[in-house]
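K.L.:
Sequence below, structure please.
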Amino acid sequence: MLRGKTAVVTGASRGIGRAIAECFAKNGANIAIIYAGNEAAAKEIVEKIAESGVEAESYKCDVSSFSETKETVDKILQRFGGVDILVNNAGVVKDSLMLKMSEQDFDSVLSVNLKGAFNMIKHLFPQFARRRKGRIINISSVVGICGNAGQANYAAAKSGIIGLTKSVAKELASRGVTCNAIAPGFIKTDMTDSLPENIKDRVLDQIPMKRMGLAEEIASLALFLASDNAGYITGEVIKADGGLCI
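P.N.:
Got it, this is the predicted structure:
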């Protein structure tokens, strides 16, 4: 489905990002993995992806840094010759009620989750426009749609991703490039596995489907949006939350 294409996936060393990278590789895409600090995990996923018979390379990069993302994008373009798919998945959480949330925690979450997506799109925008093809997929969250107590910073960033997605979609539509967002709900990852059982039960009670989603399910949706079959879909925000935010 993606044979011969190159995909850049940020935050790809674990969780949803890793699942997307693996899924794309199995469907023929070469993968550029961007990670923040877990070099061992990044090397592991690169080795696993290589088993699919595609090219893969990892790049350590702080996506919140405009200059660092520029340098990383330049390296990727030199290595792979061009980028067909960009998945902005990198994100952090620093949860706290507004009364206790520090300015630093608010700024750092927006810097990675929102500005990081801007930085990546900004530096790849010229080549997308020049090539007159491509897919941009931004990982938002249902929290960016519905809000959530204790996550004002995360909700603001993920809501900002939605506005960024729609604006970029309008700017690149005439060039044949689509830009869409996925808004996952409660997904089973290392992060959610570490939550206390009472917190998990409370969340599951709110989900009509009564289960957590799987990272592989988000990856399958991303695969569709990255494919030629999704060529007439742009500016959309697709929820994958088991009905949590109906």
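
K.L.:
all contacts plus neighbour counts: C-alpha atoms, from now on.
P.N.:
OK.

K.L.:
Surely I45 forms part of a strand?
P.N.:
No: judged by DSSP: H, G, I helix; E, B strand; the rest coil, I45 forms no part of a strand; its state is helix.

K.L.:
and the closest residue to it other than its chain neighbours, what element?
P.N.:
Excluding its sequence neighbours, the residue lying closest to I45 (C-alpha to C-alpha, 6 or more residues apart in numbering) is S13, at 6.7 Å. Using DSSP states H and E, S13 is not contained in any helix or strand.

K.L.:
residue contacts, S13?
P.N.:
33-35, 38, 41-42, 45 (C-alpha atoms under 8 Å, 6 or more residues apart in numbering).

K.L.:
just those: which has the poorest pLDDT?
P.N.:
The member of the contacts of S13 with the lowest pLDDT is N38, at 88.

K.L.:
Now do the buried residues in stretch 19-34.
P.N.:
Neighbour-count burial for stretch 19-34, counted by 16 or more other C-alpha atoms under 10 Å, picks out 19-34.

K.L.:
Compute the first-to-last residue distance for it.
P.N.:
Taking C-alpha to C-alpha, to the nearest Å, the first and last residues of stretch 19-34 lie 14 Å apart.

K.L.:
Could you pull up the mean pLDDT of the longest strand along the chain?
P.N.:
In the chain, assigned by DSSP state E, the strand with the most residues is strand 177-184. Regarding strand 177-184, the rounded mean pLDDT is 98.

K.L.:
oh, and call the first residue 723 from now on, that's how I've got it
P.N.:
Right, with 723 as the first residue, what we last looked at is strand 899-906.

K.L.:
now that strand, how far from the centre of its chain.
P.N.:
9 Å (C-alpha atoms, centre = their mean, to the nearest Å).

K.L.:
what's the next secondary structure element after the helix or strand hosting I771?
P.N.:
Per DSSP H and E: I771 is located in helix 761-772. Per DSSP H and E, helix 761-772 leads on to strand 778-782 as the next helix or strand towards the C-terminus.

K.L.:
helix or strand right after the helix or strand of the chain with the lowest mean pLDDT?
P.N.:
Among the helices and strands of the chain, helix 912-915 carries the lowest confidence by mean pLDDT, DSSP states H and E, at a mean of 75. Following helix 912-915 in sequence order, the next helix or strand is helix 919-928 (DSSP H and E).
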